[in-house]
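Colleague: Any chance you can model this:
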Amino acid sequence: MHKTVTRILEEIEQWKDNSSTDDTLTSLTSVETLLEKICEMKYAILREEEEAATEFPSILKLLIKKINITGNNPLTRQWFYDVMTSRPPPLPKNEEKYREETLDHLQEGWIEEDWTRTMPHLLNELLQKNFTSIRKPTSTRVSHATE
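Modeller: So this is what the prediction gives:
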């Protein structure tokens, strides 16, 4: 993606220097093509993330990302319902109550008028409250970089 963005910037620099209408049109067409390529990459990355999200916290993080990217798109909500219906991730019994609590809060959050702004905040709070304290703290993990 970095390479594509760099090509766009180079094309824009050439466009600034163009005095010919034909050259300008060629540059604009090239920039448009490269922007479409970036969009395709973005959606390919999202599809990969969707397939990789198998644990409940990772699905919630992906939901935050999808809301931030797509905004007020009903397909985001539909995607989440489909995931939770077709492949709800298993949780240990001691964490199952957190899933129910989180889903209840999400249901209330979708009703909000400005849910695209409030849902990411709500989801981050729920993740922090319910799922980070259960996992091992990162300070107990050994970094291979320090070895």
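Colleague: Mind telling me which residue is nearest the centre of this protein?
Modeller: Residue closest to the mean C-alpha point of the chain, counted by CA atoms, centre = their mean, is residue 65 at 2.7 Å.
Colleague: same for the helix or strand hosting residue 117, what does it pack against?
Modeller: Assigned by DSSP states H and E, residue 117 belongs to helix 115-130. Contacts defined by 3 or more CB pairs under 8 Å, 6 or more residues apart in numbering; DSSP states H and E place helix 115-130 against helix 56-70, helix 93-111. Every C-beta, even on glycine, is put in place using the N, C-alpha and C of the backbone.
Colleague: From the chain's centroid, how far away is the next helix-or-strand element following the first one?
Modeller: Right, the one you point to is helix 56-70. Sequence order places helix 74-86 as the next helix or strand after helix 56-70, per DSSP H and E. Centroid displacement of helix 74-86 relative to its chain, using CA atoms, centre = their mean, to the nearest Å, is 14 Å.
Colleague: Can we start the residue count at 287 from this point?
Modeller: Will do, 287 is the new start, and the previous item becomes helix 360-372.
Colleague: then helix 360-372 to CSV, C-alphas only?
Modeller: Provided in CSV are the C-alpha atoms of helix 360-372 (Å, rounded to 0.1, in the frame of the first residue of the first chain):
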residue,chain,number,x,y,z
PRO,A,360,-26.3,-0.8,8.3
LEU,A,361,-24.1,-3.5,6.7
THR,A,362,-21.7,-3.2,9.7
ARG,A,363,-24.5,-4.1,12.1
GLN,A,364,-25.7,-6.9,9.9
TRP,A,365,-22.1,-8.3,9.6
PHE,A,366,-21.9,-8.3,13.4
TYR,A,367,-25.3,-10.1,13.8
ASP,A,368,-24.3,-12.6,11.1
VAL,A,369,-21.0,-13.4,12.9
MET,A,370,-22.6,-13.8,16.2
THR,A,371,-25.3,-16.0,14.7
SER,A,372,-23.2,-18.2,12.4
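Colleague: can you give me the mean pLDDT across it?
Modeller: On average, the pLDDT along helix 360-372 is 86.
Colleague: In that helix, which residues have enough neighbours to count as buried?
Modeller: Buried residues in helix 360-372, counted by 16 or more other CB atoms under 10 Å: 362, 363, 365, 366, 369, 370.
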